[in-house]
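# Sequence and predicted structure below; questions after.
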Amino acid sequence: MSPYMLMMFSSMLILGTTITLSSSHWLLAWVGLEMNTFAIIPFMAQKSHPRALEATLKYFIIQSTAAILMLLSSTLNAWLSGQWNIQHMIYPLPLTITIITLTLKMGLAPMHAWYPEVLQGLSFKVGLMLSTWQKLAPLILFIQISKEYSILYIPLGLTSILVGGWGGLNQTQLRKILGYSSIAHLGWAILMTHYMPPISFLTFLIYTTMTFTLFFTFHFLSSASINSAATSWTKTTFLVSITPLTLFSLSGLPPFTGFISKWLILNELTKQGLLLAAVTATLSALLSLFFYLRLSYVMALTVPPNNLSATLPWRFPLSLPPIFLTMSIILSCSLLPLSPSMLAFLSY
């Protein structure tokens, strides 16, 4: 992709998200989401590979379906209430359709089947954009419409946590593991959209920092599966040895950064009297912890039997120093003390 096309599509991607974040009108929010969709499609299809083109086509069909449902729900709400304001989604039918639409756009369970398959066909850089930036605008819309109570928020969050943990157990491809990890973490964020939106946004920010680290780590290691990650210790030994720290943080183990978001969510659920939801979320998180520990064990704690050609891979010098990867690793492992200050800042 030429630098001019890269700048144009990147600007359109940022502009689409900005329009959605700053709008209070459903049509403007819909325009921003559509700009996001059409801006990321050239990034997804830039590799002339059948798997990438298949993933692009699947993504386009899913997002087009979600856009049609969003227009239907917003029009129905305007017909019933006479307003296009996002925060005036008060009628049950359009509110339910909108929640299902945003669930489909974000790839949450039970509308999650397309997300790991699409992510598997993309490169790590484009997959990072799909897992982080493309979920920001739908999450903000989720937070804006969560002022009105709906019985769907808690079941959606718990189902996403359970499916994200259960689906990643038997995966061997790293992109699919990261896809199910995204489903589980966004399920934690959805649990708090009605009760404490700043905690939801803080959870998303912490997840973005940690998943940025993992995507770029696997990109630098050129590892696409668990087997290739097991032999990557010969390429960059130090990077492989500290990757389990990021995985522990992503799983929510103390004293790493990922623990604070889960602890705040469980604390708030307990305050709201939702003990059953808190216990279910905690037990479901153990499923995700299993495949994080399995990946850490394979990468850093074992030396699999290899032949000579596998233990002596070619070491190509990096064109650019991994400055952003280094900063994200530090943040993923040591952002815990700053998390209360970030939550206080988001609460204002």
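Perfect, thanks for sending it. The structure presented is a predicted model; accordingly, all values stated were derived computationally and were not measured. Numbers count the residues shown, from 1 in each chain.

# next SSE after the helix or strand bottoming out on mean pLDDT in the chain?
Lowest on mean pLDDT, DSSP states H and E among the helices and strands of the chain sits helix 308-311, with a mean of 52. Following helix 308-311 in sequence order, the next helix or strand is helix 323-334 (DSSP states H and E).

# what's next to that following helix, contact-wise?
209-210, 212-213, 216-217, 220, 242, 245-246, 249-250, 256-257 (C-beta atoms under 8 Å, 6 or more residues apart in numbering). Bear in mind the C-beta positions are built from the backbone N, C-alpha and C, glycine included.

# try 6 Å this time
209, 210, 212, 213, 216, 245, 246, 249, 257 (C-beta atoms under 6 Å, 6 or more residues apart in numbering).

# Return the residues in contact with residue 156.
residue 190.

# Next one, pLDDT for it please.
Listed pLDDT for residue 156 reads 91.

# Let me know whether my guess that it is in a strand holds.
No. Residue 156 is assigned helix when assessed by DSSP: H, G, I helix; E, B strand; the rest coil, not a strand.

# Quick check: it vs residue 92, distance?
In this structure, residue 156 and residue 92 are 16 Å apart, going by C-beta to C-beta, to the nearest Å.

# packing partners for the helix or strand residue 42 falls within?
Following DSSP H and E, one finds residue 42 within helix 26-44. If you count contacts as 3 or more C-beta pairs under 6 Å, 6 or more residues apart in numbering; DSSP states H and E, helix 26-44 packs onto helix 3-22, helix 50-81.

# and residue 198, how many neighbours does it have?
17 (other C-beta atoms under 10 Å).

# That one: which element?
Residue 198 is part of helix 197-221 when elements are defined by DSSP H and E.

# Buried residues of the very next helix or strand once past that helix, list them for me.
Going down the chain from helix 197-221, the next helix or strand is helix 226-230, by DSSP H and E. Using 16 or more other C-beta atoms under 10 Å as the test for burial, helix 226-230 gives 226, 229, 230.

# same check, this time on stretch 108-120
Here stretch 108-120 shows 108, 109, 111, 112, 114, 115, 116, 117, 118, 119, 120 as buried, counting by 16+ other C-beta under 10 Å.

# picking up where we left off before, for the buried residues of helix 226-230, which one is nearest residue 281?
Proximity of the buried residues of helix 226-230 to residue 281 (C-beta to C-beta) peaks at residue 226, which lies at 26.4 Å.

# Correct me if wrong: that closest one contacts residue 173.
No. In this structure residue 226 lies outside contact range of residue 173 using C-beta atoms under 6 Å: 8.0 Å.

# Quick one: closest of the helices and strands packed on helix 26-44 to residue 265.
The nearest among these, by C-beta to C-beta, is helix 3-22 at 22.9 Å.

# Which elements pack onto that closest one?
Checking 3+ C-beta pairs under 6 Å, 6+ apart, helix 3-22 ends up next to helix 26-44, helix 133-145.

# Can I get these in CSV including mean pLDDT?
Output for those, formatted as CSV (pLDDT from 0 to 100):
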stretch, mean pLDDT
helix 26-44, 93
helix 133-145, 91
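
# mind putting these in CSV, mean neighbour count and distance to residue 73 included?
Formatted as CSV, the helices and strands packed on helix 3-22 follow (neighbours: other C-beta atoms under 10 Å; distance: least, C-beta to C-beta, whole Å):
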stretch, mean neighbour count, distance to residue 73
helix 26-44, 20, 8
helix 133-145, 22, 10
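
# okay if I get those as CSV plus distance to residue 194?
Conversion of the helices and strands packed on helix 3-22 to CSV gives the following (distance: least, C-beta to C-beta, whole Å):
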stretch, distance to residue 194
helix 26-44, 19
helix 133-145, 9
